[in-house]
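**Student:** this one's structure only:
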């Protein structure tokens, strides 16, 4: 299905809708009546090609209103398979947006070689300008998505594409050396290995499909080798991982892709979303605080917004780990973003401009609260200290955390043997 146009009214479940999009006959589905007639019917195109400046073709799924006129674009560039954007694409297109979900270079349906971070500025710039020039685009492009997909937004923004109008990065960092690959000088082994392992799955699949020609085996005698029975080589599957290890310091490898070194190049408003307990919270807060004064335009400096929820990479829902944060925590982040873009890209007077720029979930009292700024002007820094009677290790230990300065206390020791699993 390379180009499919369809009417999307309202179906009983998104699962049924997904089946329709990928091949089930329309006659099998029963549309429900729609009370709100201001929502658009939607047309859908799959694997639309966009050629980058170096000739590499990236592919995207496009959801857009089935109506005359031009509409603002919401763009997501992801290494995690663009098909995961389907539900949001339909929701936003119904609301009057063109939603473009693109596989980044070297991932899933897009051409090229995959390598973390290094191509996202150039490809982000080219994709934004390509999207703005589409016949149904009004020339205003916003971006969205979280984690690495937040990085694709910031890295596109520092390239300053003329038609980028705003970004909405969620739970993402400000520096891909410290606060991503390294933390306080220590290599983030679990995170780096788990992330690289997940990314390698598609890389290995592409390599297998590209190199698999069973008929080639007929040319090999004696019959001791047959490509179908051989595992593909893992050489070069994640070269970025070894490069991370070879660059433990903040050097020329990291600086070109550091957002912190390019705040002045960001010229658009940013709606940043972070989360308490999230691995990238420090970077999310740092981006908001610094862009208020260091962004490259007055509109960008005054256009910063921040929301902090709970969880992020640590988990979703009202319960994070063993703590239940109550019924007020769940928040429709998609709706919050769409309201912001309704105001920013469509010029709707929906009250966003009157809201305070910071919204945080206050743990303990478990309530949302709007604030004038971050960090809070009334906040007081408090130093906390670790104490123990010499046996803090473990849940049953005698360690405590409080604001009392340490006096003479017994040293705390434990034995660590990495071979003792």
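**Tutor:** Now that the structure is in, tell me what you want to look at. Note that the coordinates shown come from a computational prediction; the quantities given were computed from them, not determined experimentally. Numbers count the residues shown, from 1 in each chain.
**Student:** What's the separation between residue 129 and residue 73?
**Tutor:** In this view, residue 129 and residue 73 are 11 Å apart by C-beta to C-beta, to the nearest Å. Bear in mind the C-beta positions are built from the backbone N, C-alpha and C, glycine included.
**Student:** Give me the more crowded residue out of those two.
**Tutor:** Neighbours per residue, other C-beta atoms under 10 Å: of residue 129 and residue 73, the larger number sits with residue 73, 27 against 17.
**Student:** Now do the strand or helix carrying that one, average pLDDT.
**Tutor:** According to DSSP states H and E, residue 73 maps onto strand 71-78. Mean pLDDT, computed over strand 71-78, is 98.
**Student:** try stretch 92-110
**Tutor:** In this model, stretch 92-110 has a mean pLDDT of 98.
**Student:** Off-centre distance for that stretch?
**Tutor:** Relative to the chain's own centre, stretch 92-110 is displaced by 13 Å; criterion: C-alpha atoms, centre = their mean, to the nearest Å.
**Student:** Beyond the strand holding residue 73, next helix or strand please.
**Tutor:** Using DSSP H and E, the next helix or strand after strand 71-78 towards the C-terminus is helix 86-94.
**Student:** Could you figure out how far that next one is turned away from strand 71-78?
**Tutor:** Here the directions of helix 86-94 and strand 71-78 differ by 170 degrees (axes from the mean of the first three to the mean of the last three C-alpha atoms, to 10 degrees).
**Student:** what packs against the very next helix or strand once past helix 86-94?
**Tutor:** Sequence-wise, the next helix or strand downstream of helix 86-94 (DSSP H and E) is strand 98-103. Counting contacts by 3 or more C-beta pairs under 8 Å, 6 or more residues apart in numbering; DSSP states H and E, strand 98-103 is packed against strand 57-65, strand 71-78, helix 86-94, helix 120-132.
**Student:** which one of these lies closest to residue 326?
**Tutor:** With C-beta to C-beta, the closest approach to residue 326 among those belongs to helix 86-94: 26.0 Å.
**Student:** Surely residue 126 and residue 53 touch.
**Tutor:** Yes. Counting by C-beta atoms under 8 Å, residue 53 is a contact partner of residue 126 at 5.6 Å.
**Student:** Settle it for me: which of those two has more neighbours?
**Tutor:** A count of neighbours by other C-beta under 10 Å puts residue 126 above the other of residue 126 and residue 53, at 20 against 10.
**Student:** For the top helix by length along the chain, could you pull out the residues that count as buried?
**Tutor:** Longest helix of the chain, by residue count under DSSP state H: helix 189-211. By neighbour count on 16 or more other C-beta atoms under 10 Å, the buried set for helix 189-211 is 192, 195, 196, 199, 200, 202, 203, 204, 206, 207.
**Student:** Following element in sequence after it, please.
**Tutor:** helix 239-246.
**Student:** I'd like the distance from that following helix to the chain centre, please.
**Tutor:** Average the C-alpha atoms of helix 239-246, do the same for its chain, and the two points are 22 Å apart (C-alpha atoms, centre = their mean).
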